[in-house]
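Student: Structure for the following, please:
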Amino acid sequence: MHEPKDILQAAQAIRPQLDELLGTAAKTMAPQLDKLLAQAETGQAVADNIIELLSEHDATRQAMNARLAGEETKSYSPLGGDSSKPPATSEYLCPDKSGCTCEKYPTGWDRHNIEEPIPTCPKLNQPLIPN
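Tutor: The predicted structure follows:
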C-alpha cells in the first residue's frame, strides 16, 4: 500500500506526460486528473480516485506503477527556447494536401524517437510526410 503523498507526487509527475502516453484520450483524462490534483491540494483524500483514474489505461497504469516503484525518477532541465512545440522535423502530416480524411491523424503525428517508424495513412496507404 502506498502513502497518499506518494500517489499524489506520482500523479503530478505523470500529468505532463498524458498527451504522450494517451494521445487523444488525454483530452478526457487531463481535466479529471487536474480536478483530483486540485482537490488533493485542498486536503481532500483522493488518492484512491487518482489510482482508479490512472488505471483506466494501460499506459498510465504502467507509468503510475513505475513511479510508485521508484522508477522513472530521472529528471532533466530542458534547453532554452520554445519547448511548447517539437522541432519541425518531428512533425508529420497526412499526405492528403486538403487535410486528413482518414481521421486517424487529424492534428498530425509527432515522432518522439528517431527509431519510431513513420506511420502510414490508412486511407491513402502512404506514409505521413514531414511538416
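Student: Glu91: how many residues sit nearby?
Tutor: Burial of Glu91 is recorded as 17 neighbouring residues (other CB atoms under 10 Å). Placement of C-beta: from N, CA and C, glycine included.
Student: How about the one 3 residues further on?
Tutor: Applying the criterion other CB under 10 Å, we find 24 residues in the vicinity of Cys94.
Student: and what of the one 5 residues further on?
Tutor: The burial metric for Gly99, expressed as a neighbour count using other CB under 10 Å, is 8.
Student: In three-state terms, label it for me.
Tutor: coil (DSSP: H, G, I helix; E, B strand; the rest coil).
Student: For Arg67, give its distance to Ala11.
Tutor: Taken as CB to CB, to the nearest Å, the spacing of Arg67 relative to Ala11 amounts to 8 Å.
Student: Grab the longest helix from the chain for me.
Tutor: As far as residue count goes, and with DSSP state H defining each element, the longest helix of the chain is helix 26-41.
Student: can you pull the buried residues of that helix?
Tutor: By neighbour count on 16 or more other CB atoms under 10 Å, the buried set for helix 26-41 is Ala26, Met29, Leu33, Leu36, Ala40.
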